[in-house]
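Novice: Sequence first, predicted model second:
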Protein chains: 6
Amino acid sequence: MSGLTHFDDQGAAHMVDVSDKAATDRMAVAEGRVIMSPETLALVMQGTAKKGDVLGVARLAGIMGAKKTADLIPLCHPLPVTKVALDLTLDATLPGVVVRATVKTSGQTGVEMEALTAVSVACLTVYDMLKAAEKGMQITGIRLLLKEGGKSGSWSAK
Amino acid sequence: MSGLTHFDDQGAAHMVDVSDKAATDRMAVAEGRVIMSPETLALVMQGTAKKGDVLGVARLAGIMGAKKTADLIPLCHPLPVTKVALDLTLDATLPGVVVRATVKTSGQTGVEMEALTAVSVACLTVYDMLKAAEKGMQITGIRLLLKEGGKSGSWSAK
Amino acid sequence: MSGLTHFDDQGAAHMVDVSDKAATDRMAVAEGRVIMSPETLALVMQGTAKKGDVLGVARLAGIMGAKKTADLIPLCHPLPVTKVALDLTLDATLPGVVVRATVKTSGQTGVEMEALTAVSVACLTVYDMLKAAEKGMQITGIRLLLKEGGKSGSWSAK
Amino acid sequence: MSGLTHFDDQGAAHMVDVSDKAATDRMAVAEGRVIMSPETLALVMQGTAKKGDVLGVARLAGIMGAKKTADLIPLCHPLPVTKVALDLTLDATLPGVVVRATVKTSGQTGVEMEALTAVSVACLTVYDMLKAAEKGMQITGIRLLLKEGGKSGSWSAK
Amino acid sequence: MSGLTHFDDQGAAHMVDVSDKAATDRMAVAEGRVIMSPETLALVMQGTAKKGDVLGVARLAGIMGAKKTADLIPLCHPLPVTKVALDLTLDATLPGVVVRATVKTSGQTGVEMEALTAVSVACLTVYDMLKAAEKGMQITGIRLLLKEGGKSGSWSAK
Amino acid sequence: MSGLTHFDDQGAAHMVDVSDKAATDRMAVAEGRVIMSPETLALVMQGTAKKGDVLGVARLAGIMGAKKTADLIPLCHPLPVTKVALDLTLDATLPGVVVRATVKTSGQTGVEMEALTAVSVACLTVYDMLKAAEKGMQITGIRLLLKEGGKSGSWSAK
């Protein structure tokens, strides 16, 4: 079953054996966005300028979420991340919030899932904090931007 | 600061006091999708028909993810869900996988975040299981479809 | 598919909807045992009498394990237990340790899995603490002894 | 107190100091079984053939359970597993389900507890999914089959 | 053994049976402080005024910590909190940070441990964020200020 | 912003990048105390001598708490501890309990937070087990005593 390493020959799910892979420096960057009305975005802007820091809470949630990746994604290997940073910016043209996460480790598997999980949890937290104002927001465009390290080498989104 | 109940008068984040709200039956339905190439979708289809059940693993991850919502979303109230169901379908026109989650509880707050978290974790798991075949997949369109119960009553996406 | 409530009509796993069930008082008692050599059992006895309390550590692990049941068993409903007690006794005729757990709650589902999980974690902890002395121990006879409350009423092992 | 490394000289429980041990490749295989009636086993067989995959759910629960070992067993060292695989087979002569788990890591302590925990959680999940059909099932014969790596070298069950 | 309800007649630790207690509204307020040098306190003040919000991060950590209480304290009953709020203030006369937590629930046991855990985790987080500047800080004066609800009624610190 | 490494140039909280730091042996010792009335201390003493082992339960809670540090402290790096030991002693002159924790790892960051978290959770557990006898106890003097390893070298409290 080409390409689907998370299944063995009988099709049973397993956590892939990475014990023979070298521990190398790994990095991944992922992105996502929360689309909202201009009125809701204005609420976020007010909070950032003055009080009620939606982005600060979401940033922290994303960092802590990255550490829970192996707990959430069944076949993910646990690995000790060495850096997690989230960048949240307001974008009036969406309108909405753009979330970008960078994760590093030195290990036998990559940190793509950690970066994507950090982005997802930060987006969910933005939604949670603003849902009293607008229930119709959408979380969208969650994707890997960049991956470095490991046998398969670098990859970046087109 | 109208609309942002997760902050107090000074703008400090807090978990909203719901102790005076009545415990009523609550329900929420959320949706999301993972967009992939036709070739990757074909891999999922083979697995469903024969072996290597991507959708089965993602469904379970979503159910377990719903139970971790209050652990992931900082200001979310913990509540004992009474039902979690995920529906994952293949859609050749996307092409990709559509994830829909239904969550119920009887409590003092709603289960919108539980439904959205279930969808997000299921989508991340689909990505994880297929990323060896295609790193450029996107998770998109995560949104609330329906909400019932509570003082604010029913709401459905347009 | 008679009897297997954890699957829907299409055979997809789900967390059963218990939102229409009444919250009643529930109780469950489960049992298990760790079989070991007389020499290993003697080590446990020494510790109980004097120092190095294997049973005390295992008892606590079982209590804490009961609280993690919904985190471990995918389709288990989370519920707030109102009592967890573990009884660990030495049995020279096995020879080994007998573990018995009693769990209570007031809720919409039973606590059989909480009692069985408490027993399992306590048995695993006994093994962990004694494995330097004997790797060949066996954990055996984990079973439900008694169940009370709920629509299906009482049940006891023959 | 010979053999009980989890206690210090005063008999106080502690997490053993392994900081001077070399990080070597480690592997462990454990086994367990769930004994049930032929009628219940038939339900599992139907599900495997057609729908309602009890074994698939239990396999995933076991994999995720292995990652929670240090959280469940008080004095267990946390370590990043590099492989977890579960093999669940139906055995009409028991009658019941046989669970076998293989875990690997490269670290300063072994993965016996991870393999035994994976087996236990998988067995508990089998019980949970079938308990509506039969409450009297027993989980039995949980034991270590094989252990490789580390200063004490290999060990296998007789 | 008067007063120590967490042990049974044989002195074995257990989670107290509260199944016969009424579910009533409960509230607890706890307090603690982190003592530091005036120079370190000045760093916190700068961050609050401008950027690098130490108190904001600690507040969130405390709120999330309250939700983990039953996971941390072995014999604590799990219960769904309905409000968690943390108040962190700078006190130049200490010099240091004063942390106060208020927690509510409607349940069969009180939330004293939730309030004390919230304070402890917030204080630890303050320490973590400032330890690069001063390792000699002390966390001190963690105590219950107020408790309301339950059979034993109200209690307040002298 | 000198000294506050947990914020980037814009003042946004992040998990510091330690990927370029060498993995070295690290050790930290922390301390704390629970102050109580002589009558309450007498209850602890009785338990230690005979039954109802408050210190044993708190010791285990502290060990398990050390393993949850990265889960509790938002910007803490996860790392696999290689030793956790807690020493709890009764001090009639306080009167109260003195808790001391020693933690080791081989890694890219220190274990100060693990040692402080172990002490905090053990103190909270002592409070929990004795609160039925005395609600006015105080947890105090939580501080780092010693730190070894890493680029910044050794540090000890004056």
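Specialist: Now that the structure is in, tell me what you want to look at.

Novice: Low-confidence bits of chain A, can you list those?
Specialist: A:1-3, A:48-52 (pLDDT under 70).

Novice: how far out from the middle of the chain is the lengthiest helix in chain A?
Specialist: The residue-count maximum for a helix in chain A (DSSP state H) belongs to helix A:112-130. From the chain centre to the centre of helix A:112-130 is a distance of 6 Å (Cα atoms, centre = their mean, to the nearest Å).

Novice: Tell me if I'm right that A:Gly56 and E:Gly56 touch.
Specialist: Yes. The pair A:Gly56 / E:Gly56 is scored as a contact, 5.5 Å apart, by Cβ atoms under 8 Å. C-beta coordinates here come from the backbone N, C-alpha and C atoms, glycine included.

Novice: rewinding a little: could you say what helices and strands the helix or strand that the longest helix of chain A is followed by packs with?
Specialist: As assigned by DSSP states H and E, the chain's next helix or strand after helix A:112-130 is strand A:138-148. Helices and strands touching strand A:138-148, by 3 or more Cβ pairs under 8 Å, 6 or more residues apart in numbering or on different chains; DSSP states H and E, are strand A:24-35, helix A:112-130, strand A:155-156, helix B:112-130, strand B:138-148.

Novice: Next, the angle strand A:24-35 makes with strand A:138-148.
Specialist: 160 degrees (axes from the mean of the first three to the mean of the last three Cα atoms, to 10 degrees).

Novice: tell me the angle strand A:138-148 makes with helix A:112-130.
Specialist: Going by the same axes, to 10 degrees, strand A:138-148 makes 150 degrees with helix A:112-130.

Novice: Strand A:138-148 pairs with which strands, and in what direction?
Specialist: Sheet pairing of strand A:138-148 (DSSP bridges) gives strand A:24-35 (antiparallel), strand A:155-156 (antiparallel), strand B:138-148 (antiparallel).

Novice: Just send those strands back as CSV, with distance to C:Thr125 and mean neighbour count too.
Specialist: Below are the strands paired with strand A:138-148 laid out as CSV (distance: least, Cβ to Cβ, whole Å; neighbours: other Cβ atoms under 10 Å in any protein chain shown):
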stretch, distance to C:Thr125, mean neighbour count
strand A:24-35, 35, 22
strand A:155-156, 43, 14
strand B:138-148, 39, 21
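
Novice: what residues are up against A:Met45?
Specialist: Shown in contact with A:Met45 (Cβ atoms under 8 Å, 6 or more residues apart in numbering or on different chains): A:Leu90.

Novice: right, and the secondary structure at it would be what?
Specialist: Under DSSP: H, G, I helix; E, B strand; the rest coil, A:Met45 falls in the helix class.

Novice: Quick check: it vs chain B, distance?
Specialist: To chain B, A:Met45 is 12 Å away according to Cβ to the nearest Cβ, to the nearest Å.

Novice: Same check on A:Lys67?
Specialist: 11 Å.

Novice: Hmm, F:Leu79 and that residue touching each other?
Specialist: No. Applying Cβ under 8 Å, one finds A:Lys67 not in contact with F:Leu79, separated by 11.2 Å.

Novice: list the residues that contact both of the two?
Specialist: What both A:Lys67 and F:Leu79 touch, as defined by Cβ under 8 Å, 6+ apart, is the set F:Ala70.

Novice: Pull the contacting residues for A:Met89.
Specialist: Quick fix: residue A:89 reads Thr, not Met. A:Val97, A:Val98, A:Arg100.

Novice: try it again with 7 Å
Specialist: Taking Cβ atoms under 7 Å, 6 or more residues apart in numbering or on different chains as the criterion, A:Thr89 is in contact with A:Val98.

Novice: Could you do the one 10 residues further on as well?
Specialist: Applying Cβ under 7 Å, 6+ apart, we find A:Val99 in contact with A:Glu31, A:Gly32, A:Arg33, A:Gly62, A:Leu86, A:Leu88, A:Val119, A:Ala122, A:Cys123.

Novice: who does the second one bridge with?
Specialist: What that stands for is A:Gly32. Judged by DSSP bridges, the bridge partners of A:Gly32 are A:Val99.

Novice: Same question for the fifth one.
Specialist: In this structure, A:Leu86 bridges to A:Ala101 when assessed by DSSP bridges.

Novice: Distance of it relative to C:Val34?
Specialist: 46 Å (Cβ to Cβ, to the nearest Å).

Novice: got a list of what the closest residue in space to A:Ala85 that isn't next to it in sequence touches?
Specialist: Leaving aside its chain neighbours, A:Ala85 sits nearest to F:His14 (4.1 Å; criterion: Cβ to Cβ, 6 or more residues apart in numbering or on different chains). Shown in contact with F:His14 (Cβ under 7 Å, 6+ apart): A:Ile63, A:Val84, A:Ala85, F:His6, F:Asp8.

Novice: likewise A:Arg143?
Specialist: Contacts of A:Arg143 (Cβ under 7 Å, 6+ apart): A:Ala30, A:Glu31, A:Ala157, B:Gln138.

Novice: quick one: the first one and A:Glu114 touch, right?
Specialist: No. The pair A:Ala30 and A:Glu114 does not pass the contact test of Cβ atoms under 7 Å, sitting 8.7 Å apart.

Novice: Tell me, how many residues neighbour the closest residue to A:Lys151 other than its chain neighbours?
Specialist: Nearest residue to A:Lys151 in three dimensions, chain neighbours excluded: A:Lys21, at 6.7 Å (Cβ to Cβ, 6+ apart). Using other Cβ atoms under 10 Å in any protein chain shown, A:Lys21 has 14 neighbouring residues.

Novice: on that earlier part again, can you say which of the contacts of F:His14 are buried?
Specialist: Applying 16 or more other Cβ atoms under 10 Å in any protein chain shown to these, the neighbour count classes A:Ile63, A:Val84, A:Ala85, F:His6 as buried.

Novice: out of the residues you listed, which are inside helices?
Specialist: A:Ile63.

Novice: What parts of chain A come near chain D?
Specialist: The interface of chain A toward chain D, taken as Cβ under 7 Å from any Cβ of the partner chain, is made up of A:8, A:12-15, A:17-19, A:70-71, A:74-75, A:77-80, A:108.
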